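Novice: turn this into a structure:
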Amino acid sequence: MLTVESRKFCCCLPVRLGVFVLALLCMAGGSIVATVGWMSVSQLKQHPVEIMDEIALYIHASIFTLLGVLGIFGFVGSLVKSRVMVISFSVGIAIHLGLSIGSGIFTIYSVFKEAPQAAIDTCMDGKTDAETLQMCKTGMNIVKGVMVAIYVIAWLIELYAYFIVERYSTQLEEEEIARLTPILPQSVNQGPVYIGYPQRFSYSQYSRRSYQEPRRPSYDKQEMSQDPQYNGQYQHDPRHDTNYDAQPHQQQQRPHSEYAFNLPQQAYGVNRGKDAGNA
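Specialist: Numbering: from 1, shown residues only. You can find the predicted model right below:
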């Protein structure tokens, strides 16, 4: 089976570990925040708030409940390497991120629209001097800035968490493909690759495989008489009558053509249309 390299995040940590930790944080954090949110919703009758704050409270409680449920998918998927559950976890994180951004913008807008007079009165605690009033307004501005910073940091962390889960789902897909891909054995000694040859050969040449024999260099009589193996005497050899090419011979490949050689003349008769026995 082919091996797949483990993907990393934060330079050295495996993405499977990241999904496992993120799933635990989602289950724990989402469950705690959702529990507090629904407890606050249950006390709205005893402690009523403005309609905008009530809507924001319902939205936040629902979103963190969804986050706690999605954490279960990521936790189980990272343990059993279930690609379906990990993909569901990543899609859920993306949906939760979109809802969180929308609800966060709505909350920030409702807070920045106007400083609640009730909060300022509570901060004043019955005092009427301008210095205390300015300190209360400054404190409200600091609270607003901290709230915006918390929202932005939370969104960036959740976006990075989405990329981690997406990397792990891609790794699981590659592992599944590698597990299903067959490994074909490779032959060590492979035969020649036939690329075709334009010339034709006779059947005798083909059977002797003489087309693979290297060409013999040509000698003239003067060179052969000076050759030590002839002892200064030249004997005529019919093989030397043919002027062969003196260039190095490259081994020819077996032709692809279906008419690779000419059949003997006896196979089809002397003349066209006549039987060999009538020749």
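Novice: how is this protein divided into domains?
Specialist: Here the domain parsing of the chain from automatic domain parsing is 9-180, 201-262.
Novice: hey, which of these is tucked in deepest?
Specialist: Among these, domain 9-180 has the highest mean neighbour count (mean count of other C-beta atoms under 10 Å), at a mean of 15. Where you see a C-beta, it was placed from the backbone N, CA and C, and this is true even at glycine.
Novice: packing partners of the helix or strand in which residue 70 is found?
Specialist: Assignment of secondary structure by DSSP states H and E places residue 70 within helix 51-80. Other helices and strands packing on helix 51-80, by 3 or more C-beta pairs under 8 Å, 6 or more residues apart in numbering; DSSP states H and E, are helix 15-42, helix 83-113.
Novice: picking that back up, the domains of the chain: lowest mean pLDDT?
Specialist: The weakest mean pLDDT among the domains of the chain belongs to domain 201-262, with a mean of 52.
Novice: any chance of the helices and strands packed on helix 51-80 in CSV, plus distance to residue 126?
Specialist: Formatted as CSV, the helices and strands packed on helix 51-80 follow (distance: least, C-beta to C-beta, whole Å):
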stretch, distance to residue 126
helix 15-42, 28
helix 83-113, 25
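Novice: what's the closest of those to residue 143?
Specialist: Checking the helices and strands packed on helix 51-80 against residue 143 by C-beta to C-beta gives helix 83-113 as the closest, at 8.4 Å.
Novice: any chance of the domains of the chain in a markdown table, with distance to residue 3 too?
Specialist: Below are the domains of the chain laid out as a markdown table (distance: least, C-beta to C-beta, whole Å):
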| stretch | distance to residue 3 |
| --- | --- |
| domain 9-180 | 7 |
| domain 201-262 | 38 |
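Novice: on that earlier part again, got the angle for the helix holding residue 70 vs helix 15-42?
Specialist: With axes from the mean of the first three to the mean of the last three C-alpha atoms, to 10 degrees defining the directions, helix 51-80 sits at 150 degrees from helix 15-42.
Novice: state the distance from residue 18 to residue 33.
Specialist: As for residue 18, its distance to residue 33 is 21 Å (criterion: C-beta to C-beta, to the nearest Å).
Novice: repeat that for residue 164.
Specialist: Distance from residue 164 to residue 33, by C-beta to C-beta: 21 Å.
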